[in-house]
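Undergrad: Fold the following for me, if possible:
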Amino acid sequence: MEHTLFVVVITIAIATLFNVFLKKIKIPTIIGYILSGIIIASIFRFDENAKETLSHVAEFGVVFLMFTIGLEFSVKHFRKMKQEVFAYGMLQVSITGLLFSGISYFLFDANAKTSLVIGLALALSSTAIVLKVLNENNETHSGYGRIALGVLLFQDLAVIPILLMISIFTSNDKSLGSLLVELLISATIVFAVFFIASRYVIERYFGWIMSTKSEEIFLVSVLLFVISTSFFAESLGFSYSLGAFLAGMVLAETKFRYKIEADLVPFRDILLGIFFVTLVM
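TA: Numbers count the residues shown, from 1 in each chain. The predicted model follows:
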């Protein structure tokens, strides 16, 4: 435990020094986090347990990032982005996936299944890195920012059929039909729970929490909601970032949206910074 805390202290100290310098010359903080990770990994030799613990903590940064993005895009807003998500997103994943699959198949002599998996894996982008840059420059709501967000959301959705495809390639026990049924049941449960919560539970729950007039209880309740919804989605085979995004969309329909966003932004940025450092480490 003490060793893990030492890793956290060293990580934050180096990242802070770098970002103070880089910010003065108008370089994004993500560069500072990446350079910090390179230096920490090169100079220090931490045990794997400390690195793993730090990585688990850092993953909450991605969860909170997707949650706050969801807060800015309500269900009504999402409906207006159908073209960005499904048209542009599908084109990006399909074209990029086929391109890398072809390179893997023809240039590196990989078999068809392996090439397809490699191509689709390389077609996916880092949601955390792209949205971090867009948020820092206040470009999330710009024209290309909307398209980028739409493509990233489709990629998060595409993870589900990609994992299903890998399961089909590697499974000798389950048939395609049974895997598709499991996916359909999981998707139905997730969206049914989120729909019921948004209609009948969330507004009353946070209204009840606000009646205590305690900022501490309210913040803890928000953290509980974000983490539990992410865990719920991940336990049913979806990505935790997609679960956090859906949770944000649910709360975007409530009157507590702006207060929640203001309270969570500091946590999101700190944890996201640690995420980028551990990613490089």
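
Undergrad: Tell me, how many residues neighbour M66?
TA: M66 has 29 neighbours, counted by other Cβ atoms under 10 Å. Backbone N, C-alpha and C define where each C-beta goes, glycine included.

Undergrad: L107 now?
TA: L107: 9 surrounding residues under other Cβ under 10 Å.

Undergrad: contact partners of stretch 242-251?
TA: Contacts of stretch 242-251 with the rest of the structure, by Cβ atoms under 8 Å, 6 or more residues apart in numbering, involve 62-64, 66-75, 78, 153, 156-157, 159, 190, 194, 197-198, 202, 206, 225-226, 229-234, 257, 260.

Undergrad: Now, of those, which are buried?
TA: The neighbour count (16 or more other Cβ atoms under 10 Å) marks 62-64, 66-74, 78, 153, 156-157, 159, 190, 194, 197-198, 202, 206, 225-226, 229-230, 232-234, 260 as buried among those.

Undergrad: Among the contacts of stretch 242-251, which are located in helices?
TA: Cross-referencing the contacts of stretch 242-251 against helices under DSSP state H gives 62-64, 66-72, 75, 78, 153, 156-157, 159, 190, 194, 202, 206, 225-226, 229-234, 257, 260.

Undergrad: Nearest residue to the middle of the protein?
TA: Nearest to the geometric centre of the chain sits S241, at 3.6 Å (Cα atoms, centre = their mean).

Undergrad: tell me the SS of that one?
TA: At S241, secondary structure determined by DSSP: H, G, I helix; E, B strand; the rest coil is helix.

Undergrad: Equivalent analysis for L124, please.
TA: Of the three states, L124 takes coil under three-state DSSP.

Undergrad: list the contacts for the closest residue to it other than its chain neighbours?
TA: Distances taken as Cβ to Cβ, 6 or more residues apart in numbering place Q155 nearest to L124, at 5.0 Å, with adjacent residues excluded. Taking Cβ under 8 Å, 6+ apart, we find Q155 in contact with G89, Q92, V93, A123, L124, S125, T127.
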